[in-house]
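Undergrad: I would like to see how this sequence folds:
(2 chains)
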Amino acid sequence: MKGLKVGLEIHQRLKTHKLFCNCPSMLMEREPDGWVMRMMGISRSELGSVDPAARFELLRQRKFLYGIYFDETCEVEVDESPPLEMNREAIEIAIRIAKMLNMDVVDEIHTMRKIVVDGSNTTGFQRTALIAIGGEDSVIRTNQGEVRIATLCLEEESAFIAETGSDFVRYKLDRLGIPLVEIATHPDIKSPEQAKEVALRIGRILRATGKVMRGIGTIRQDINVSIEGGARQEIKGVQEPDLIPVVISREVDRQLNLLRIRDEISERGIVEEDIGGFFELSDVLKKAEKGFVRKAIDSGESAFAIYARRMRGLIGREIQPGRRLGTELASYAKVFAGVKGIIHSDELPNYGISSDLVAEIRNRLGIGEEDAFILVISDRKTAEIALKSVADRLKYAIKGIPEETRRALEDGNTEFMRPMPGSARMYPETDVLPVLSYSFLEALEGWKPEFPEDIIGRLISYGISRDQAEEIFDEEKVELFERVSSLCKNLSKGFVASTLTSMMKYLRREGVKVELIPESKLAEVLLLVDQGALAKEAVESMIRDLAESPYADVKEIAKRYSMSQEELEKLIDDVVSSHRDELMKIGEKAFSMLMGEVMKKARGRVDGRIVSSKLRERIRKEVSQEAL
Amino acid sequence: MPLSYVGKACALLERYNVEDYDLVRIITTKGELVGRIIPRPSIFDDEHIIVKLPNGYNIGINIARIVEIRVLEKAYQREETIPEVKFREDLPYVPLVVTGGTISSRVDYRTGAVRAYERPEELLDLIPELADIANIKYKPIFAEFSENLTPNHWRKMAEKTSEELNSGARGVVIAHGTDTMHYSAAALSFMLVNLRKPVALVGSQRSIDRPSTDAVLNLIAAVKVAAQSDIGEVVITMHGSPSDEFAWVLRGVKARKMHTSRRDAFIPVNSPPIARVTRDKIEIISDYRKAEENSKVEFDGRIDDRVFLLYTWPGMSPDIIESIRSLGYRGLVIAGTGLGHTPSCIIPSIERLVKDGIPVVITSQTLFGRVNLRVYETGRLLLKAGVIPGEDMLPEVALVKLMFVLGHCDEMNCIKEMMLKNMAGEISSSISMRDFPPCWVMR
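TA: Sure, this is the predicted structure:
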């Protein structure tokens, strides 16, 4: 794609306690033990200019509610105590990763405050420190060329957002403060597929350390995208690597479509003055037919509108599948004013607003058929903020595309989150002393990092295929596989590998929550098979059951699927005695028929090999007795 | 801007004519980078320079690695426009006496921590709500962290406050560091004689340059108390919970900082809060001295600071008491244990002190509850030795009060009488069962 420039920021949680306190990096299932309410003020940055992103948040005057856990979070997360020393284990892991990427570790690490006043940090800033800078050799090689690594930072994870209301946001503090490394590339990526390749490679290097957290949400990508003539966008929170190319292509489409709209605006000769006005229309919309508009007006809400001369048709123009310019405007109104949405003339008549009413509105606004208008239903103050942000965004469409921070949606589309922040929003965290990196580097002297290909090579040496080895690595089952393999004497490594990979994948696709099962339980199941106490065929059912009750006793569950020695002998007795005649006739040749009979009842409960050896012994005994 | 560096790093930067905040290109043995020179706190070593990179991050670079520095752009003086505040006829006049502390602090690069605002007007820019409550004027009298305050600073504070109250202020707000706020509140309570107007001390536990600062609510609450309440006392207005929901109005002689860092560190001791203030209203909780319009306050700065505060401990020896006398102290406040006891072995030394005219006031390390020297033998012996039981006064309040009393009389009977007289609400006639707050029960 011509002129496409993409940079990635990969965020990975580390397997250690929190960055600035000693609380565990543990996510809580239960509701918090209590809530604390806070409001955020504005802050001056180090160089004295008030950050636009911060200023913008002030518009909202939101209340932030923070859920605390008495035993799993402490005073630090809720900003009631200064941070403790930076977690040295986290620094060490970050430095290891930097070394694997051939980066230069900075001499003295300074913790910064990155102002984030959306409430996701109780302090109003995220603590972050630059650990290493990319050098000449810090590159990721891809099929489409090299991509340079720019920086590696160590930072705090934000709080988990639990609920958003029109004037409040609820966050839980279990996630706040978990250490993250953020690896940023230069904007060297030139295609959507290349972006995915880079993300996968970096993800694999991170996993090769064995010191990063695993599972859903523990790694996520931010994508910086720009195209020639467009504007730089920062897209937050893509969790699935497969989605990366989709997000990028759709962003390119969005920008191209916005540029087309700009060109058409220019052809129509629309200028900023064509967008404006502020009219109350509650009396007009009182006449709307049944629908949410009428309902809102009847319940005492008011309606307000602005006009956009000669813009008819443009606001309803699609810019991403299912998203129109109007959707972008609505995002602005939602974000800045907290309204549920907007109504624009390109989607009318609809919502109980008839074409007669549309004409009446046009009349009231003093505009004609070729003009557009945007409506908001709320109180006056909210409507002023909402429509001002809509007007500002529409005026920008005359010039081109604003730089924004956008949120990735599940289908690969993106939506506006906030304006792009400037770099002024960083200032030193004076509560934390700088840390010298020398002692960490000395301790790592002579350390030979293990790269993904080293680990995959080692896995293959267990006697499994390359595909299986790669799958074990990607499924983050290396440690478990090696542990089980070293303990198992009889079981084939291929069976261990396929249980841990393809069976898990298959069950997950069926909706079985295999990720809930602790690894130690999976190991136990495989060891039971190895000892002959459980049939291979029973493994799938065992895993299904464990996913239902992950902390159940494995041996107890195994009883459902295993047959005791006595049971098996009794079964063989029954089969043999009920088929005595055939046995007498054809002797040991009756084995496969009898085996089939026994297995009808024993399948999945006892290993076939054990059945066969027992049955053979019994037949031999029976036949030889008869011979006497 | 002039260079803040010292030692070796300073020599290096000077060699290349670099000053603080200059934009430079640095060539190191590892490569080169562009950034702005950031001042380095002098308590750090002189072997690194701090550079702010274009992405906003600061890093420290070892000067041994630096090959060359080129200045790309000299630092610019930043311009700030602070909106002018118009006088509003409909609002009362409330001076904000600024003394220092976190509430008037900002990030400082020389000390590495926080430092007082050079221009306290910035407060109003950050908390525009204040302009709708009162006409506020800034009256900076000094800029000290409260751990560095002395009785002389108390005098200056009390004098300035009385001047303001006697020349048109409806009430006074004092921005103060939190560490010793309760000492200053006690001192003001005694020095402002016949006070019948609100005087609110306010501070913050999170500096005002942080988005999560508690100063916004605390200042709004303090200014409301000064501008709208009819409380004629010295009070402390600080967060009442970890939430930005309400502030307590606490009697200056009955409050204490009880947590190193929490927003709600100030707790009323042996007395209920006077009121609870939200952004919208003041809710009265308990009795207080009523404000009187047109009342005049009298500043009485007579104080003798030669008073010692002693925290007893198991196994302490009597020679400490002896040395207090030889150091020239004129009074002793003891924070004893339990009901007000001390190790029996120091009682003879206490008795000699009292005989020599040095008053000894007994308070308790338990802080909550009243001392009672009649229950146990040790207590009775202390009484016999001539100590003054400090009732339910906090040790710090008894210290400040004894300083004030010694500034007014020498004679033991007079001292005793003044110490046992309730002057500013520091002695409660009764303590309610409600006034002891164990957090586990409240939960």
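
Undergrad: For the helix or strand hosting B:Lys139, buried residues please.
TA: If you go by DSSP states H and E, B:Lys139 is part of strand B:135-140. Residues B:135-136, B:138-140 are the ones in strand B:135-140 that count as buried (16 or more other CB atoms under 10 Å in any protein chain shown). Bear in mind the C-beta positions are built from the backbone N, C-alpha and C, glycine included.

Undergrad: Would you verify that A:Arg170 is located in a strand?
TA: Yes: counting by DSSP: H, G, I helix; E, B strand; the rest coil, A:Arg170 is located in a strand.

Undergrad: hang on, A:Asn224 packs against A:Pro187?
TA: Yes: with contact defined as CB atoms under 8 Å, A:Asn224 counts as touching A:Pro187 (6.3 Å).

Undergrad: Just the element for the residue in the stretch 151-300 of chain B that chain A sits nearest to, please.
TA: Using CB to the nearest CB, the closest approach of the stretch 151-300 of chain B to chain A is made by B:Pro211 at 2.4 Å. Per DSSP H and E: B:Pro211 is located in neither a helix nor a strand.

Undergrad: Quick check: mean pLDDT of stretch A:234-254?
TA: Average pLDDT, stretch A:234-254: 93.

Undergrad: Can you list the buried residues in that stretch?
TA: Buried residues in stretch A:234-254 (16+ other CB under 10 Å): A:234-238, A:240-241, A:243-252, A:254.

Undergrad: Looking at the residues you listed, which are in strands?
TA: Among the buried residues of stretch A:234-254, the members found in strands (DSSP state E) are A:234-238.

Undergrad: As JSON lines, the residues you listed with distance to A:Arg362 would be great.
TA: What follows is those, written out as JSON lines (distance: CB to CB, whole Å):
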{"residue": "A:Glu234", "distance to A:Arg362": "38"}
{"residue": "A:Ile235", "distance to A:Arg362": "37"}
{"residue": "A:Lys236", "distance to A:Arg362": "39"}
{"residue": "A:Gly237", "distance to A:Arg362": "41"}
{"residue": "A:Val238", "distance to A:Arg362": "42"}
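
Undergrad: Looking at the residues you listed, which two lie furthest apart in space?
TA: A:Glu234 and A:Val238 (11.6 Å; CB to CB).

Undergrad: quick one: the residue nearest the centre of chain B and B:Gly407, what's the gap?
TA: Here the mean C-alpha position of chain B is nearest to the C-alpha of B:Met181 (CA atoms, centre = their mean), at a distance of 2.8 Å. Going from B:Met181 to B:Gly407 by CB to CB, to the nearest Å gives 22 Å.

Undergrad: Check whether A:Gly277 sits in a helix, strand or coil.
TA: What three-state DSSP gives for A:Gly277 is strand.

Undergrad: Buried residues of the helix or strand hosting B:Cys10, list them for me.
TA: Using DSSP H and E, B:Cys10 falls within helix B:7-15. Buried residues in helix B:7-15, counted by 16+ other CB under 10 Å: B:9-10, B:12-13.

Undergrad: what about the helices in the stretch 251-400 of chain A?
TA: Remark: helices assigned in the stretch 251-400 of chain A by DSSP state H, counting those that start in this stretch are A:282-285, A:292-298, A:325-337, A:355-365, A:380-399.

Undergrad: Please read the previous query as pertaining to chain B.
TA: With helices called from DSSP state H, chain B shows them at B:7-15, B:122-126, B:151-165, B:181-191, B:215-228, B:319-326, B:347-355, B:377-385, B:395-406, B:412-420, B:439-442.

Undergrad: and the ones you listed as JSON lines, adding mean pLDDT and distance to A:Phe481?
TA: Below are those laid out as JSON lines (pLDDT from 0 to 100; distance: least, CB to CB, whole Å):
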{"stretch": "helix B:7-15", "mean pLDDT": "95", "distance to A:Phe481": "52"}
{"stretch": "helix B:122-126", "mean pLDDT": "70", "distance to A:Phe481": "57"}
{"stretch": "helix B:151-165", "mean pLDDT": "98", "distance to A:Phe481": "69"}
{"stretch": "helix B:181-191", "mean pLDDT": "98", "distance to A:Phe481": "61"}
{"stretch": "helix B:215-228", "mean pLDDT": "96", "distance to A:Phe481": "55"}
{"stretch": "helix B:319-326", "mean pLDDT": "92", "distance to A:Phe481": "68"}
{"stretch": "helix B:347-355", "mean pLDDT": "96", "distance to A:Phe481": "75"}
{"stretch": "helix B:377-385", "mean pLDDT": "96", "distance to A:Phe481": "71"}
{"stretch": "helix B:395-406", "mean pLDDT": "98", "distance to A:Phe481": "64"}
{"stretch": "helix B:412-420", "mean pLDDT": "97", "distance to A:Phe481": "78"}
{"stretch": "helix B:439-442", "mean pLDDT": "62", "distance to A:Phe481": "48"}
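
Undergrad: For A:Gly368, which of these is the nearest?
TA: Closest among these, once you apply CB to CB, is helix B:122-126, at 45.5 Å.

Undergrad: surely A:Val116 meets A:Glu156?
TA: No: look at A:Val116 against A:Glu156 with CB under 8 Å: they stay out of range, at 10.2 Å.

Undergrad: if you count what's nearby, which of these two comes out ahead?
TA: A:Glu156 (25 against 21; other CB atoms under 10 Å in any protein chain shown).

Undergrad: Check what pLDDT the more buried one gets.
TA: 97.

Undergrad: ok, and the closest non-adjacent residue to B:Ser286?
TA: B:Pro272 (4.3 Å; CB to CB, 6 or more residues apart in numbering or on different chains).

Undergrad: Please name the residues that touch A:Leu256.
TA: Residues in contact with A:Leu256 (CB atoms under 8 Å, 6 or more residues apart in numbering or on different chains) are A:227, A:230.

Undergrad: From B:Thr161, how far out is it?
TA: From A:Leu256 over to B:Thr161 (counting by CB to CB), the distance is 67 Å.

Undergrad: about what we covered before: out of the ones in strands among the buried residues of stretch A:234-254, who's nearest chain B?
TA: A:Glu234 (12.9 Å).

Undergrad: Next one: the most centrally placed residue in chain A from A:Arg148, what distance?
TA: Centrality entry for chain A: nearest residue to the mean C-alpha point is A:Gln239, 3.4 Å, by CA atoms, centre = their mean. Note on A:Gln239: its distance to A:Arg148, by CB to CB, is 24 Å.

Undergrad: Near whichever residue of the stretch 251-400 of chain A sits closest to chain B, how many residues? Count them for me, please.
TA: Using CB to the nearest CB, the closest approach of the stretch 251-400 of chain A to chain B is made by A:Lys381 at 16.2 Å. A:Lys381: 9 surrounding residues under other CB under 10 Å.

Undergrad: Got phi/psi on A:Leu200?
TA: Note on A:Leu200: its backbone torsions stand at phi -60, psi -40 [degrees, to the nearest 10].

Undergrad: Enumerate every residue touching the residue lying closest to it once chain neighbours are set aside.
TA: Among residues not flanking A:Leu200 along the chain, A:Pro241 sits closest, at 5.4 Å (CB to CB, 6+ apart). The neighbourhood of A:Pro241, defined by CB under 8 Å, 6+ apart, consists of A:196, A:199-200, A:203, A:221.

Undergrad: one more time with 6 Å
TA: Applying CB atoms under 6 Å, 6 or more residues apart in numbering or on different chains, we find A:Pro241 in contact with A:196, A:199-200.

Undergrad: What of A:Glu155?
TA: Contacts were defined as CB under 6 Å, 6+ apart; by that measure A:Glu155 touches A:126, A:128, A:180, A:182.

Undergrad: Noted, bye for now.
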